[in-house]
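> The sequence and its predicted three-dimensional model are supplied below.
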Amino acid sequence: EADIYQTPRYLVIGTGKKITLECSQTMGHDKMYWYQQDPGMELHLIHYSYGVNSTEKGDLSSESTVSRIRTEHFPLTLESARPSHTSQYLCASSETAATDTQYFGPGTRLTVL
Amino acid sequence: SQQGEEDPQALSIQEGENATMNCSYKTSINNLQWYRQNSGRGLVHLILIRSNEREKHSGRLRVTLDTSKKSSSLLITASRAADTASYFCATANSGAGSYQLTFGKGTKLSVIP
């Protein structure tokens, strides 16, 4: 099991709410990622970070934002949640390049009513 | 954009049988990785094979890579009920897009006790 944690595991909220999905890792990895995955589908990269104060958008356009103030912490925020944001959100990290082994957290399943 | 594509989409076998899953991709790669995802959980890294390697083993797992056909296969020998999961291939592309892994839609494996 990788030392990467996500909270909450499940979240059901109403439209318009602001939410933050937490992701922390204790491996000291510089590189961290957020993926979005719909049931039975592939993962899509929505954000990544190569280190403190570094954040970039991934291939899949997302209304969420991220921050990287500390190496171990990479939270994702939705200012105003909508039903279209309903999905599973997976956080991952890697020690070296993004193209090497990635370690995943257990995911947060978000449902917006 | 999707790079790896797994085949079959779903596979059901009896415990003790071997399971073979295939992955095809479109562009040149640096490496190809296989991950396992149990229902509702994060991904777990299984094996990484580099573009200059043809075959790799890890326990009951055997991965092959044919860069001329742009394809890879994952063989799980003597399957167990605990192997029931979705299996994803992920490609690390060379050149453009090489900052990320690109995941396929996965093969859903069911091992019947």
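Cool, the structure landed. Residues are numbered from 1 along each chain as shown, chains lettered A, B, ... in the order given.

> Low-confidence stretches in the chain?
The chain I'm using is chain A. A:1-2 (pLDDT under 70).

> that's the wrong chain, I meant chain B
Within chain B, the ranges that satisfy pLDDT under 70 run B:1-3, B:95-99.

> Residues of it that sit close to chain A?
Counting by C-beta under 8 Å from any C-beta of the partner chain, the residues of chain B lying close to chain A are B:1-2, B:30-31, B:33, B:35, B:40-45, B:48, B:88, B:92-93, B:98-101, B:103-106, B:108. (Glycine included, C-beta is placed from N, CA and C.)

> Drop anything exposed from these.
The neighbour-count test (16 or more other C-beta atoms under 10 Å in any protein chain shown) marks B:30-31, B:33, B:35, B:41-43, B:45, B:48, B:88, B:92-93, B:99-101, B:103-106, B:108 as buried among the residues of chain B next to chain A.

> Counting neighbours, what do you get for residue 89?
Because you didn't say which chain, this covers chain A. By the criterion of other C-beta atoms under 10 Å in any protein chain shown, A:Y89 has 23 neighbours.

> that's the wrong chain, I meant chain B
Neighbours of B:C89 using other C-beta under 10 Å come to 30.

> I'd like the distance between the closest residue in space to it that isn't next to it in sequence and B:I47.
With C-beta to C-beta, 6 or more residues apart in numbering or on different chains as the criterion, B:C89 has its nearest non-adjacent residue at 3.5 Å, and that residue is B:C23. The gap separating B:C23 from B:I47 is 12 Å, by C-beta to C-beta, to the nearest Å.

> so what sits against both of these two?
The contact sets of B:C23 and B:I47 overlap at B:34, B:74 (C-beta atoms under 8 Å, 6 or more residues apart in numbering or on different chains).

> Quick check on the two: which one has the bigger neighbour count.
More neighbours surround B:C23 than the other of B:C23 and B:I47, with 27 against 17 (other C-beta under 10 Å).

> So which elements touch the host helix or strand of the more buried one?
Using DSSP states H and E, B:C23 sits within strand B:19-24. Contact here means 3 or more C-beta pairs under 8 Å, 6 or more residues apart in numbering or on different chains; DSSP states H and E; on that basis strand B:19-24 packs against strand B:5-7, strand B:10-14, strand B:71-76, strand B:107-112.

> Of all these, which one is nearest A:R109?
Closest to A:R109 of those, according to C-beta to C-beta: strand B:107-112, at 17.8 Å.

> Extract the C-alpha set from the closest one and format it as CSV.
As requested, the backbone C-alpha atoms of strand B:107-112 are provided in CSV (Å, rounded to 0.1, in the frame of the first residue of the first chain):
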residue,chain,number,x,y,z
THR,B,107,-10.2,-4.8,-18.8
LYS,B,108,-12.6,-5.9,-16.2
LEU,B,109,-11.5,-9.4,-15.0
SER,B,110,-13.8,-11.6,-13.0
VAL,B,111,-12.3,-14.8,-11.4
ILE,B,112,-15.0,-17.2,-10.4
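
> how many degrees apart are that strand and strand B:19-24 in direction?
Angle of strand B:107-112 versus strand B:19-24, following axes from the mean of the first three to the mean of the last three C-alpha atoms, to 10 degrees, is 180 degrees.
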